[in-house]
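Enquirer: One predicted model, sequence on top.
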Amino acid sequence: MTASAPVSGSRALTARQVTVRYGRHTVLDGVDFTLPERTTIGLAGPSGCGKSTLGLVLAMLRRPAGGTVTIDGDPVPGWRHGAPRAMRTRVAIVFQQPRLAVDPRLRLRDIILEPLRATGRGRETADLLPALADPVGLTPELLDRRPHEVSDGQLQRACLARALALRPRYLICDEMTTMLDASTQAHLVRAVEEYRRESGAGVLAISHDQVLLDRWADHTVTWDAVVVA
Ligand SMILES: Nc1ncnc2c1ncn2[C@@H]1O[C@H](COP(=O)(O)OP(=O)(O)OP(=O)(O)O)[C@@H](O)[C@H]1O
């Protein structure tokens, strides 16, 4: 299955014949998937079918038992820290539960700036903070708080800002807004779409919410189409 066949010469994040097993349970069995640049693809499907697992493989966070992932034509040579940093930073992911995705001791400003510091760009960080925090709607006062002092929505805003800090070529939003109120959901989707327009990134929006995907994505692939083809 190809979510959207890239026009010849255009760039894409691709999975080819990817197989993932948890113990004896085969979750992905030779799955093909293409996320072209400049495009938002919605991915829908029943709970437990393997959407998040595919997202983790595309983000190089889970090693498949078989198959390949390529970024703009470059095959990924390893997984997690086995992938070169220059490749890992080309794909970012935002998860459903922000509280499981952050260090609870850090202030929001330091959560957002983590990727810049980890890549040795510490000196630029103070200057870059407003450009990362403003689009997701975080005020300076919120940036000084720790996770237990903010709402889930405010923390998810920080997670999105962190995901965009290194200007990824591809962004995977795995149920990014599922736990959030309608106004925060709309704000975060707008921020992602603004980033996509301005950067030319490709976006994979994984969600159970067909109404959201109809509004958000250029088109939506259902899981049946992924595994049948
Ligand atoms: N770390 C793990 N160990 C064992 N089994 C797992 C693990 N992670 C996921 N699974 C199983 O793999 C299958 C696919 O899970 P996955 O989270 O990818 O599905 P999903 O489509 O994203 O589901 P949901 O929509 O509920 O988030 C499920 O049966 C799940 O129980």
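Expert: In hand now; what should we look at?
Enquirer: name the helices or strands packed onto the helix or strand encompassing L213?
Expert: Using DSSP states H and E, L213 maps to helix 210-216. Packing contacts for helix 210-216, counted by 3 or more CB pairs under 8 Å, 6 or more residues apart in numbering; DSSP states H and E, involve strand 40-44, helix 182-199, strand 202-206, strand 219-222. All C-beta spots, glycine's among them, are computed from the backbone N, C-alpha and C.
Enquirer: mind saving the C-alpha coords of that helix as CSV?
Expert: Provided in CSV are the C-alpha atoms of helix 210-216 (Å, rounded to 0.1, in the frame of the first residue of the first chain):
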residue,chain,number,x,y,z
GLN,A,210,-12.5,10.5,11.5
VAL,A,211,-14.1,14.0,11.7
LEU,A,212,-10.7,15.4,12.8
LEU,A,213,-8.9,13.7,10.0
ASP,A,214,-11.4,14.9,7.4
ARG,A,215,-10.8,18.4,8.5
TRP,A,216,-7.0,18.1,9.0
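Enquirer: Only the buried residues of it, if you could.
Expert: By neighbour count with 16 or more other CB atoms under 10 Å, helix 210-216 contains the buried residues L212, L213, W216.
Enquirer: For I41, see how far away the last one is.
Expert: Meaning W216. 10 Å (CB to CB, to the nearest Å).
Enquirer: likewise the first one?
Expert: Taken as CB to CB, the spacing of L212 relative to I41 amounts to 14 Å.
Enquirer: of all the residues in the chain, which ones are close to the ligand?
Expert: Remark: the part of the chain in contact with the ligand comprises Y22, V27, G45, S47, G48, C49, G50, K51, S52, T53, using CB under 6 Å from any ligand atom.
Enquirer: Confirm that the fifth one lies within a helix, as I assumed.
Expert: I take that to be G48. No - counting by DSSP: H, G, I helix; E, B strand; the rest coil, G48 is not part of a helix but coil.
Enquirer: Check the burial of it by counting its neighbours.
Expert: 9 (other CB atoms under 10 Å).
Enquirer: Mind pulling up the pLDDT for it?
Expert: What the model reports for G48 is a pLDDT of 89.
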